[in-house]
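**Q** got a sequence here, can you build the structure:
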Amino acid sequence: VQLQASGGGLVQAGGSLRLSCAASRRTFNNYDMGWFRQAPEKKREFVAVITLNGIKYYADSVKGRFTISRDSAKNTVDLQMNSLKPEDTAVYYCAVFMGGRYFDTANYAGWGQGTQVTVSS
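**A** Below is the predicted model of the structure:
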């Protein structure tokens, strides 16, 4: 599994960014996929996941501000991030879900290099 996250950047608090995770068609059509993030000196944490059927789950910290979606034309899983806060600053990663609990980092694979999101106050 090879995934490529993109779309990060520097934005002011209250702004928006849209991240994209590119996958092969086979990967896109066979796995639930999620987004995680890791801030400096912190553990990687769950952000959102979308199932093959389009069911979505979010971390409480991003609920109402972030939206995860699947684009079958592009084989991407996107993360629309609105009302960004400085505490959203992190490297964002996408990964495929391999089974178990959705919120557990250990149940995902295919981690790529991630994309840096920096929110200034």
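**Q** for the residue most central in space within the chain, what are its contacts?
**A** Central residue of the chain (C-alpha atoms, centre = their mean): W35, 2.3 Å from the mean position. Residues in contact with W35, defined by C-beta atoms under 8 Å, 6 or more residues apart in numbering, are 19, 21, 47-49, 68, 77, 79, 92-94. In short, each C-beta sits where N, CA and C put it, glycine included.
**Q** in strands, which of those fall?
**A** Among these, the ones falling in strands (DSSP state E) are 19, 21, 47-49, 68, 77, 79, 92-94.
**Q** thinking T27 is in contact with V1, fair?
**A** Yes - using C-beta atoms under 8 Å, T27 is in contact with V1, at 5.5 Å.
**Q** centroid-wise, who is the farthest residue in this structure?
**A** Residue of the chain lying farthest from the centroid, by C-alpha atoms, centre = their mean: S121 (22.1 Å).
**Q** confirm for me that that one is in contact with P86.
**A** Yes - contact criterion C-beta under 8 Å: S121 and P86 qualify, at 4.7 Å.
**Q** what touches both of the two?
**A** Counting by C-beta under 8 Å, 6+ apart, the common neighbours of S121 and P86 are A13.
**Q** the closest residue to V49 other than its chain neighbours: neighbouring residues, count only.
**A** Nearest non-adjacent residue to V49, counting by C-beta to C-beta, 6 or more residues apart in numbering: G34, 3.6 Å away. Neighbourhood size, G34 [other C-beta atoms under 10 Å]: 26.
**Q** kind regards, and thank you for your time.
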